[in-house]
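Enquirer: following is a predicted model, sequence given first.
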Amino acid sequence: MPLLHGVLHVHVHEAVDIATTARIQTVGFLKKYVCCGMLPELSGSCDPYLCLDVGSTRRLRTRIIAATQHPVWDERHEVYLADEADELKIEVKDADVVGADFLGQAVIPVSEVIDGKVLDTWLELTDTAGNVRYHQELDGDKKPSRVHITIQFVPVGAEEYKGLQYGEVPRTYFPLRRGNRITLYHDAVATPGPVPDIPLADGSCYNESSCWDDMYDSISQAKTFIWITGWSVWTNTMLKRTPAAPQNSPTFGELLVKKAEQGVRVLMLVWDDTTNNMGLHAGVMATHDQDTYAYFKGTEVTCVLCPRQGGEEDSILQKFSRGNMFTHHQKTVILDAPFPAGADIPVVDGKSPTKRVVAYVGGLDLTNGRYDYHHHPLFETCCEGGPHCEDKYQGCIEGFDPSKPGPRQPWHDIHAKVEGPVAMDVAINFMERWSKQAGKLNLHKLTSLDDEAQDILLPEALRLFTSKRQQLKGRVKGHMSLRMETIKAQDANLAVTGLPSAELWNTQLFRTIDSGMK
């Protein structure tokens, strides 16, 4: 059996003369003549989508084209393979409110593509027994159902890397960015200073910092915008607890409300745990999402609860299951910050900006239980006045009562502060999610970056992309090219200055969910 190890480039063009099933015809008749068209969308019509199987596994699915027997998908896909298979199987199905009907299939022997040649072909669709399916016209003329597809297999090691930078991962959404400063954190709190166990090339030791202390300072200094994404965001979280005097530090919710009242545009995308939307319990994951939303309601902070969304290729049932069974796990804080002392501030359009974009990204949620040290104390910090006296989290013991003696659950995770051009990629990710998930009434709130008075260093393409005139029309036909130009552009002005070259990072941001952004 041949081994396919590489990338399968697939261009799904269109299909013609799709033969419908008796069920589609019957439901269509009932919908039109009995129910006066009141049945749900996708019922009683031919709504095709195409799937590609490699061996016994499904590897590709197009979006649904509603109410047509001549769908035009015009979609390009890259399928990554390390599979033994004799054939590639194409299936066309009719999407319905629940489930899907089989409309036909076609088989491509692996021997026709494994040599790397481009296969551009029309394939006749058959039933499972191999009989060609036909679409019958009103005049009685019968035409075979066909699908147009182009496939090329590129084995590992044969990819074209022209245009890629050294060390850049190909076929990703964001390119490699040079000239970044990256501050790495392990755990939420640390004692700033050199770490003897981490020597550097020049003989010195790595100087670590404290994540939540740095984040608190950055939020406090922000003058224009603060954007936050989170799986769980708890408004009672206190970022600063050292020394152990919680009464001297505002909660995270109080801090954000204060910044918003100062005129800072605070926008939040918090994952919506739909299991608690009825208000009957705290939710399966206990992420405080409803409490967080209620806390900021009526304030200047805009908090949007957003479930996981699929792309256009998902059926209604898949979208429902995705929204209820999967999460958004991005944890980012993006904000404006002053330039550090000693930085060479670039001149843009005859002006020298005073602020830049900085981002925090990683694995630490801004919620209960995450505040922890490298030594992970279990008891001593839970005493009265201690850092965990109001945050005694224990998710491993069922029925745990934090008011009674017992160990808190330690929490170990990593995070990073990113400065330079890669911080703009984190910002773009937020912009795309906001334009997709925050609703039309909130879309204009991203345009604050375009105000010249804000004086923030931005790449030229992004200034245009976020302008009030454009209103983030990333989903409008013809505007996608501007968005991609913004993402792929390299702006030397964004590179961090004032640091030795050995301290500058080449950084590439990876995002695993793209279909829901389009």
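Expert: Received it, and whenever you're ready, just let me know what you need.
Enquirer: secondary structure class for residue 427?
Expert: helix (DSSP: H, G, I helix; E, B strand; the rest coil).
Enquirer: which residue sits closest to it, ignoring its sequence neighbours?
Expert: residue 334 (4.9 Å; CB to CB, 6 or more residues apart in numbering). Glycine gets a C-beta too; all of them are placed from N, C-alpha and C.
Enquirer: and the helix or strand hosting that neighbour, what does it pack against?
Expert: Element membership for residue 334 (DSSP states H and E) is strand 332-338. Judged by 3 or more CB pairs under 8 Å, 6 or more residues apart in numbering; DSSP states H and E, strand 332-338 is in contact with helix 211-221, strand 225-230, strand 355-362, helix 421-437.
Enquirer: now do the buried residues in that strand.
Expert: 332, 333, 334, 335, 336, 337 (16 or more other CB atoms under 10 Å).
Enquirer: partners of that strand, with directions?
Expert: strand 225-230 (antiparallel), strand 355-362 (antiparallel) (DSSP bridges).
Enquirer: residues in contact with it?
Expert: 215, 218-219, 221-229, 354-361, 366, 419, 423, 426-427, 429-430, 454, 456 (CB atoms under 8 Å, 6 or more residues apart in numbering).
Enquirer: and the buried ones among the residues you listed, selectable in PyMOL?
Expert: The PyMOL selection below is limited to those of those classed as buried (16+ other CB under 10 Å):
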select buried, resi 215+218+219+222+223+224+225+226+227+228+229+355+356+357+358+359+360+361+366+419+423+426+427+429+430+454+456
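Enquirer: which residues does the closest residue to residue 342 other than its chain neighbours contact?
Expert: Take residue 342 and drop its neighbours on the chain: the residue closest to it by CB to CB, 6+ apart is residue 498, 4.2 Å away. Counting by CB under 8 Å, 6+ apart, residue 498 touches 340, 341, 342, 343, 344.
Enquirer: select, out of the helices and strands packed on strand 332-338, the one closest to residue 136.
Expert: Among the helices and strands packed on strand 332-338, helix 421-437 comes nearest to residue 136, with 41.2 Å by CB to CB.
Enquirer: related to what we said a few turns ago, let me have the helices and strands packed on strand 332-338 in CSV, extended by mean pLDDT.
Expert: Output for the helices and strands packed on strand 332-338, formatted as CSV (pLDDT from 0 to 100):
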stretch, mean pLDDT
helix 211-221, 96
strand 225-230, 96
strand 355-362, 96
helix 421-437, 90
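Enquirer: between the ones you listed, which one is closest to residue 123.
Expert: Proximity to residue 123 (CB to CB) singles out helix 421-437 among those, at 34.4 Å.
Enquirer: in the stretch 151-300 of the chain, which spans are helices?
Expert: Listed in chain order, the helices of the stretch 151-300 of the chain (DSSP state H, counting those that start in this stretch) span 211-221, 252-261, 289-296.
Enquirer: and those helices as CSV, adding distance to residue 16?
Expert: As requested, these are exported to CSV (distance: least, CB to CB, whole Å):
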stretch, distance to residue 16
helix 211-221, 56
helix 252-261, 55
helix 289-296, 47
